[in-house]
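1. Predicted model, plus sequence, below.
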Amino acid sequence: MIYMQQHYGVSRENIAIYGVDNCSLQEMLAVLIGPKANPSITGELASIGVQGLAEMSVQQLMCYEGIGLQIANRIVSAFGLSNLMRKYGCVNTSRVASPKEAASLFMDLVGQQQEKFVVAYLNTKNVVIKKKTIFVGSLNSSIVHPREVFREAVNVSAASIICAHQHPSFDPTPSREDIEVTKRINEAGLLIGIHLLDHIIIGTENKWTSLKEKGYL
């Protein structure tokens, strides 16, 4: 029991100090399982790999010693959350190379009743560094100020940005205000050297508009 607690404790400390990006899959599993994590079991599970674990069911996980229903649910939920984040663009390690890929970053906006203006900040390789909601409410060129958009871009050393907002009506046709906001942000970006790559208007998962494709950028 003591060596199990040590395995859990050391894994938990390593993640807290070094972050998950610098820790092993076995250590992450130990933290998910808790103080009763058995090193031999976490090692065996880690050997299956991330893809293999992501495809395992609760029942399959419960076949391993020390993993009951609660822990199995916890592991399945962790992978499920990761999948949702990737689906809705919260996690993106791929280069954004097209309006379709840009739109996929903001699909979490679909169906939300309040209009949200969100900005994705990208590095020099067009990989998303961060996403941030800048404004909530009806889009208005006098309210959405470029200063608020680019302040975060400077903070995270972004090379470019992609803006997006949704239309609760599910109609992604750009309004006069949408076009005006886009032009103001684009002009400000050109002045400071942080380019606006696109402004996406989300209607539904299959209906969205790229203002770049429409010729406004």
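-> Structure's in. What do you need? Numbering: from 1, shown residues only.
2. Which parts of the protein are strands?
-> 116-122, 128-136, 160-166, 195-202, 208-210 (DSSP state E).
3. and of those, who's closest to residue 78?
-> Of all the strands of the chain, it is strand 128-136 that lies closest to residue 78, at 21.0 Å by CB to CB. Heads up, the C-betas are built off the backbone N, CA and C, glycines and all.
4. Next, the angle from that closest one to strand 160-166.
-> Comparing the axes of strand 128-136 and strand 160-166 via axes from the mean of the first three to the mean of the last three CA atoms, to 10 degrees yields an angle of 40 degrees.
5. Just checking: what are the partner strands of strand 128-136?
-> strand 116-122 (antiparallel) (DSSP bridges).
6. what mean pLDDT would you report for the strand it pairs with?
-> Strand 116-122 shows a mean pLDDT of 93.
7. And for that strand, what's in contact with it?
-> With CB atoms under 8 Å, 6 or more residues apart in numbering as the contact definition, strand 116-122 has outside contacts at 89, 96, 102, 105-106, 109, 128-136, 139, 144, 149, 152-153, 156, 158-166, 197.
8. What of stretch 147-159?
-> 119, 121-124, 129-130, 132, 134-135, 161, 163, 185, 188-189, 192, 194-195.
9. This protein: helices as residue ranges?
-> 2-18, 25-33, 39-48, 50-54, 58-61, 69-87, 99-104, 146-155, 176-192 (DSSP state H).
10. Break the chain down into its structural domains.
-> 2-87, 99-210 (automatic domain parsing).
11. can you tell which of those domains is closest to residue 216?
-> Among those, the nearest to residue 216 by CB to CB is domain 99-210 (5.4 Å).
12. still on that earlier bit, and the strands of the chain, which one is worst for confidence?
-> strand 128-136 (a mean of 87).
13. Please save the CA atoms from that one in PDB.
-> Only the C-alpha atoms of strand 128-136 are listed here, as PDB (Å, rounded to 0.1, in the frame of the first residue of the first chain):
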ATOM      1  CA  VAL A 128      -3.300  28.300 -32.200                       C
ATOM      2  CA  ILE A 129      -1.600  29.500 -29.000                       C
ATOM      3  CA  LYS A 130      -4.800  30.600 -27.200                       C
ATOM      4  CA  LYS A 131      -8.500  31.400 -27.700                       C
ATOM      5  CA  LYS A 132     -10.200  34.200 -25.800                       C
ATOM      6  CA  THR A 133     -13.700  35.600 -25.600                       C
ATOM      7  CA  ILE A 134     -13.400  39.400 -26.100                       C
ATOM      8  CA  PHE A 135     -17.000  40.500 -26.000                       C
ATOM      9  CA  VAL A 136     -20.400  39.100 -25.300                       C
END
